[in-house]
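Peer 1: this one's structure only:
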């Protein structure tokens, strides 16, 4: 396996979206409806802000430690001993994520598609997939995701059109009338899943020109949040705010409601053929990060020799982790937030503060300062003057609009929760503004990525 791996901004963004959206489509939404009722769609505001904060941290890290991934950076910042302990904590979290997702996908396949197949055999097939991709690199996975992810997005875009005859706007009303505590609770539960974003830190060294890693992560998380938001809104409009909370897989039940004419039914199988590989890409990304972290313990990047033993150990621990389906769902729904919040915020704050002791790499400074050539020699240009708002680069301009729309979304959510109980129209207006901003955020973050490709 080549230790030098390169992916571009778009691939990094799409992998981020696959990581954050894949598992969320078949996991915690049942609990979100039980707590948030018809306002469950507001569960992704706090997680998005958290991931954008992590994106800013990763941007700062790659400027100071180019061509290094998160496990290597930890050893540089914290020292060899403490850095190894921190890496072991991250590896334990990765193992919990793999156990959680393998159990979740295994139960989903066993309940919906293969009820007569032993769960151990389903897990064995998934682990064999791990072994196959574990011999490759993230470049291969990024190319596979490139082929599948556009179809995945297309399916999500076409789902509202396919269910147009089943929707009832009255099921959404009243909007933003749940207590503040309920909205905060569902945001914290979703934050646990979005805390998986640290997985992308294992691939910071793969980006060509990693200085703009923040733009790629922002685009990925906003795509994931918008897709999850879309499904929750559709579930409310089609199934109502109560029924999804009593279903095991409300998203799958929603897809089963699609009927085109009198003979095109069971389209859920077609949707699964497209959506399941994308969720598998997200799980494979976690597995590659886990292997890379294991290899970093011995200061290596070649993890191919660890592939088969690690995969078989993962299979054994997953089979023995849970006694039954109820334990799997309880762990999936409630553990992620506890695990993430127990160490990640403190770790990232310390990592950011201690990394300030290290200067920005000279290559990064050269990228930020123009140079001029005179008489065949390179002469540093004069220090640039502060740019006015009209002189910002296209990427900086679109990034500014992204932050403005995020601020509008947060303000709309707060105002709606504040005024909706006394003025119903305020909740509907603020909710509509929140949804509109979610769509516009996809465009502005995409333009950030697009402007980078032209530089």
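Peer 2: Yep, it's here. None of the values given here were measured: they were computed from a predicted structure.
Peer 1: Return the backbone torsion pair for the residue lying closest to residue 267 once chain neighbours are set aside.
Peer 2: What sits nearest to residue 267 in space, not counting adjacent residues and going by Cβ to Cβ, 6 or more residues apart in numbering, is residue 258, at 4.9 Å. Placement of C-beta: from N, CA and C, glycine included. The phi and psi torsions at residue 258 (degrees, to the nearest 10) take the values phi -80, psi 120.
Peer 1: Who are the contact partners of residue 258?
Peer 2: Residues counted as contacts of residue 258 (Cβ atoms under 8 Å, 6 or more residues apart in numbering) are 159, 162, 163, 265, 267, 268, 271.
Peer 1: mind listing what residue 417 touches?
Peer 2: Residue 417 is in contact with 176, 178, 180, 183, counting by Cβ under 8 Å, 6+ apart.
Peer 1: go again using 10 Å as the cut-off
Peer 2: 39, 42, 176-180, 182-184, 426-427, 430 (Cβ atoms under 10 Å, 6 or more residues apart in numbering).
Peer 1: do the same with residue 223
Peer 2: The contact partners of residue 223, taken as Cβ under 10 Å, 6+ apart, are 13-14, 16-18, 20-21, 149, 153, 156, 441-442, 445-446.
Peer 1: Could you list the low-confidence segments of the stretch 1-150 of the chain?
Peer 2: Screening the stretch 1-150 of the chain residue by residue with the criterion pLDDT under 70, one finds the ranges 1-5, 23-28.
Peer 1: try 80
Peer 2: In the predicted model, the stretch 1-150 of the chain carries pLDDT under 80 at residues 1-5, 22-29.
Peer 1: I'd like the contacts of residue 417 as TSV, with distance to residue 414, secondary structure and neighbour count appended.
Peer 2: TSV is the format used below for these (distance: Cβ to Cβ, whole Å; DSSP: H, G, I helix; E, B strand; the rest coil; neighbours: other Cβ atoms under 10 Å):
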residue	distance to residue 414	secondary structure	neighbour count
39	13	helix	29
42	11	helix	27
176	10	coil	27
177	14	coil	16
178	13	coil	21
179	14	coil	12
180	9	helix	10
182	15	helix	18
183	10	helix	23
184	12	helix	14
426	12	helix	19
427	12	helix	24
430	9	helix	23
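Peer 1: In the helix or strand hosting residue 226, which residues are buried?
Peer 2: Here residue 226, judged by DSSP states H and E, is contained in helix 213-239. Within helix 213-239, the residues that qualify as buried by neighbour count (16 or more other Cβ atoms under 10 Å) are 213-239.
Peer 1: ok, back up a step: closest to residue 253 out of the contacts of residue 223?
Peer 2: Looking at the contacts of residue 223 and their distance to residue 253, the nearest is residue 156, at 16.2 Å (Cβ to Cβ).
Peer 1: Tell me both backbone torsions, phi and psi, for that closest one.
Peer 2: Note on residue 156: its backbone torsions stand at phi -70, psi -40 [degrees, to the nearest 10].
Peer 1: Count the residues that sit near residue 295.
Peer 2: For residue 295, the neighbour count with other Cβ atoms under 10 Å is 19.
Peer 1: which ones are touching the residue nearest to it when sequence neighbours are not counted?
Peer 2: Once its chain neighbours are removed from consideration, residue 295 has its nearest residue in residue 303; the separation is 4.1 Å (Cβ to Cβ, 6+ apart). Going by Cβ under 10 Å, 6+ apart, residue 303 touches 1, 3, 134-135, 137, 288, 290-296, 310.
Peer 1: circling back: taking the contacts of residue 258 together, which two end up most distant?
Peer 2: Within the contacts of residue 258, two members stand farthest from each other by Cβ to Cβ: 159 and 265, at 15.2 Å.
Peer 1: who has more neighbours, those two?
Peer 2: Taking neighbours as other Cβ under 10 Å, residue 159 and residue 265 compare with residue 159 leading, 21 against 12.
Peer 1: Excluding chain neighbours, what is closest to that one?
Peer 2: Distances taken as Cβ to Cβ, 6+ apart put residue 234 closest to residue 159, at 6.3 Å, once the chain neighbours are dropped.
Peer 1: Ok, residue 415 next?
Peer 2: Spatial nearest neighbour of residue 415, chain neighbours left out: residue 430 (5.4 Å); criterion: Cβ to Cβ, 6+ apart.
Peer 1: Mind listing what's buried along the longest helix along the chain?
Peer 2: Using DSSP state H, we find that the single longest helix of the chain is helix 80-112. Within helix 80-112, the residues scored as buried using 16+ other Cβ under 10 Å are 83-84, 86-87, 90-91, 93-95, 97-110, 112.
Peer 1: what's downstream of the one helix or strand residue 309 maps to, the next helix or strand?
Peer 2: With elements taken from DSSP H and E, the one containing residue 309 is helix 307-321. Next in sequence after helix 307-321, counting helices and strands by DSSP H and E, comes helix 325-355.
Peer 1: Give the buried residues for that following helix.
Peer 2: 328-329, 331-333, 336-337, 339-340, 344, 347-348, 351-352, 355.
Peer 1: Show me what it is packed up against.
Peer 2: Other helices and strands packing on helix 325-355, by 3 or more Cβ pairs under 10 Å, 6 or more residues apart in numbering; DSSP states H and E, are helix 29-36, helix 45-64, helix 70-78, helix 80-112, helix 180-194, helix 307-321.
Peer 1: can you give me the angle the helix or strand that the longest one is followed by makes with helix 325-355?
Peer 2: The helix or strand immediately downstream of helix 80-112 is helix 119-134, counting by DSSP H and E. Helix 119-134 and helix 325-355 meet at an angle of 30 degrees, taking axes from the mean of the first three to the mean of the last three Cα atoms, to 10 degrees as the criterion.
Peer 1: now the angle from the helix holding residue 226 to helix 45-64?
Peer 2: The directions of helix 213-239 and helix 45-64 differ by 160 degrees, with the same axes, to 10 degrees as the criterion.
Peer 1: Which SSE is immediately downstream of helix 213-239?
Peer 2: Sequence order places helix 250-255 as the next helix or strand after helix 213-239, per DSSP H and E.
Peer 1: For that next one, name the packing helices and strands.
Peer 2: Checked by 3+ Cβ pairs under 10 Å, 6+ apart, helix 250-255 has helix 29-36, helix 80-112, helix 138-162, helix 213-239, helix 268-296 packed alongside it.
Peer 1: Tell me the gap between the shortest one and the middle of its chain.
Peer 2: The chain centroid and the centroid of helix 29-36 are separated by 20 Å under Cα atoms, centre = their mean, to the nearest Å.
Peer 1: packing partners for that helix?
Peer 2: In terms of contacts (3+ Cβ pairs under 10 Å, 6+ apart), helix 29-36 is packed against helix 180-194, helix 213-239, helix 250-255, helix 325-355.
Peer 1: just to revisit the earlier point, for the buried residues of helix 325-355, which two are the farthest from each other?
Peer 2: When the buried residues of helix 325-355 are compared pair by pair using Cβ to Cβ, the two farthest from each other are 329 and 355, 38.6 Å apart.
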